[in-house]
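Trainee: kindly generate the corresponding structure for this input.
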Amino acid sequence: MADIVDIALGAANFKTLVKALSAAKLVDALKQPGPFTVFAPTDEAFSKLPAGTIDALLKDIPKLTAVLTYHVVSGKITSQDVLKLTAGGKTAEAKTLQGQTVKLSVRNGEVYVNDARVIKADIFATNGVIHVIDKVILPQ
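Mentor: Below you'll find the model as predicted:
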């Protein structure tokens, strides 16, 4: 089994995420033992950002780092954990490495992180778990 970074490197739909992680020098951090939970936006999710946003973030490393670490939670949260935490329609929160929390919820049987829908859950890595999301979530 590969770690979170190697899984992202091997996937065809995480090219923008990998480029951003490299630019922010977060690759080594996400190769640590963890465990981590990563809410990973696809290339298509990044393409939904307003024009020029990605290029601007790649030039503003502190802001890029804040956005990327907002997608990572210390600890391993599986989809089953989210279902338990949100039973009865509750919303759960998870503290990100960026420092703010994200809201975890289940709507119509689908898991959401803030307003991003999890489109593929529970990709297990040696140092945590990846959940693929359909949009980039931004810290407040």
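
Trainee: which elements pack onto the helix or strand that contains residue 131?
Mentor: Using DSSP states H and E, residue 131 sits in strand 128-133. Judged by 3 or more Cβ pairs under 8 Å, 6 or more residues apart in numbering; DSSP states H and E, strand 128-133 is in contact with helix 4-10, strand 36-41, strand 110-113, strand 116-125. Just so you know, the C-beta spots here come from the backbone N, C-alpha and C atoms, and that holds for glycine as well.

Trainee: can you list contacts of the worst-scoring helix or strand of the chain on mean pLDDT?
Mentor: The weakest-scoring helix or strand in the chain, judged by mean pLDDT, DSSP states H and E, is helix 79-85 (a mean of 92). Residues outside helix 79-85 that contact it (Cβ atoms under 8 Å, 6 or more residues apart in numbering): 92, 104, 106, 111, 118, 121-122, 131.

Trainee: which of the residues in the helix or strand that comes right after it are buried?
Mentor: Tracing the chain past helix 79-85, the next element assigned as helix or strand by DSSP H and E is strand 92-95. Under the neighbour-count criterion of 16 or more other Cβ atoms under 10 Å, strand 92-95 has 92, 94 buried.

Trainee: then stretch 80-89?
Mentor: For stretch 80-89, by 16+ other Cβ under 10 Å, it's 81-82, 85-86.

Trainee: closest to residue 33 out of these?
Mentor: Nearest to residue 33 out of the buried residues of stretch 80-89 is residue 81 (Cβ to Cβ; 19.3 Å).

Trainee: where's the closest one relative to residue 32, distance?
Mentor: As judged by Cβ to Cβ, to the nearest Å, residue 81 and residue 32 stand 21 Å apart.

Trainee: same check, this time on residue 124
Mentor: 16 Å.

Trainee: identify the residue nearest the geometric centre of this structure.
Mentor: residue 39 (2.0 Å; Cα atoms, centre = their mean).

Trainee: so that residue sits against residue 136, correct?
Mentor: No: with contact defined as Cβ atoms under 8 Å, residue 39 does not count as touching residue 136 (9.6 Å).
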